[in-house]
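Asker: Have a look; sequence and predicted model below, questions after that.
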Amino acid sequence: MKQAARAIAYPIILAALAACSDSGPTGPQSVVASVRVSPEAVLVSTPGHVERFTATAFDAEGAVVDGLPVLWRSGDPSVVSIDADGVARALGLGLVTIEAMVGGISGLASFAISPDTTPPALRDVSFTPVRVNVLNQAARVTLRANLSDAGSGVSGVSALFRNSAGATTDGLITLSHLPGDGPTEAFEGLLIVPANATPGVWTLLFVQAVDSAGNQRTWETDALRERNINVELLVTHGG
């Protein structure tokens, strides 16, 4: 009787083992088809910048695969380090590939640290009012400049006027950065025209800008005129 029971049990066990072996690999690792790293490219001008990368896994149908660990790797840890959470830090100059591996599939991004050699670009400059009366009183003229910088950002803007006698006015006008977001940065400064100054046309002699990397650019009177920028301030004694 026992032998008969064994004879029946063995085929059942073998069938169960066969069913397990035929089921193949299971789990989310088998469905990852691609990995996307974000951001795909980072470009900074100086070491010290910190960037957090994220990785998203997709299956063959384009659906997101969640719940899998991400293994991060830097192509050159001496230039860019990256930790287990995808936080990368620029340590030197160069171009490094960042790799994220999920379920045996890799996604790539780039991290470049390149010196900023591009000077600021002037969008426009204006001053108001364009006519002032300084008879027995000083006048205030507001100067505004809009600039952009492809690298480290504009750090300082200054300007200088020449008076009607052909002499430069006292000191540079320093323009201060105005708060705001976007690719264009606004700066504003103040010109004080002394009371009873010699009447005539004062001319904007130049506008000068420098970025955080030390790149400097100057736009003189003729260059400003070519861009249809008004460079003349009329100083009067009334009338």
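Answerer: Received, thanks. Residues are numbered from 1 along each chain as shown.
Asker: can we go C-alpha only for contacts and neighbour counts from here?
Answerer: Fine.
Asker: Run the chain-centre distance for stretch 127-135.
Answerer: Relative to its chain's centre, stretch 127-135 lies at 38 Å (C-alpha atoms, centre = their mean, to the nearest Å).
Asker: That one: which residues count as buried?
Answerer: Phe127, Val130, Arg131, Val132, Asn133, Val134, Leu135 (16 or more other C-alpha atoms under 10 Å).
Asker: Give me the contacts around it.
Answerer: Residues from elsewhere that reach stretch 127-135 (C-alpha atoms under 8 Å, 6 or more residues apart in numbering): 139, 141-144, 193-197, 232-238.
Asker: Could you chop this protein up by domain?
Answerer: Per automatic domain parsing, the domain ranges recorded for the chain read 30-113, 121-236.
Asker: how far is the longest one from where the chain is centred?
Answerer: Relative to its chain's centre, domain 121-236 lies at 27 Å (C-alpha atoms, centre = their mean).
Asker: Any idea how far apart the tips of that domain sit?
Answerer: Counting by C-alpha to C-alpha, to the nearest Å, you get 33 Å between the two ends of domain 121-236.
Asker: Number the chain from 411, please
Answerer: Yep, numbering from 411; the last one is domain 531-646 now.
Asker: Give me the mean pLDDT for that domain.
Answerer: Averaging pLDDT along domain 531-646 gives 92.
Asker: Now for Arg499: which residues touch it?
Answerer: Contacts of Arg499 (C-alpha under 8 Å, 6+ apart): Pro457, Gly458, His459, Val460, Glu461, Val490, Ser491, Ile492.
Asker: What residues are bridge-paired with it?
Answerer: Beta bridges link Arg499 to Val460, Ser491 when assigned by DSSP bridges.
Asker: just Thr646 next, same as before
Answerer: Here Thr646 sits in beta bridges with Asn543, going by DSSP bridges.
Asker: Hmm, Gly610 and it touching each other?
Answerer: Yes - using C-alpha atoms under 8 Å, Thr646 is in contact with Gly610, at 6.5 Å.
Asker: Val551 - nearest residue in space that isn't next to it in sequence?
Answerer: Leaving aside its chain neighbours, Val551 sits nearest to Leu601 (5.0 Å; criterion: C-alpha to C-alpha, 6 or more residues apart in numbering).
Asker: Same check on Trp482?
Answerer: Once flanking residues are discounted, Trp482 sits nearest to Ala510: 4.7 Å by C-alpha to C-alpha, 6+ apart.
Asker: Can you report how many residues neighbour Leu634?
Answerer: By other C-alpha atoms under 10 Å, 19 other residues sit near Leu634.
Asker: show me the residues around it that make contact.
Answerer: Asn640, Val641.
Asker: Mind doing that once more with 10 Å?
Answerer: When contacts are counted by C-alpha atoms under 10 Å, 6 or more residues apart in numbering, Leu634 touches Leu532, Asp534, Val535, Leu614, Leu615, Phe616, Val617, Asn640, Val641.
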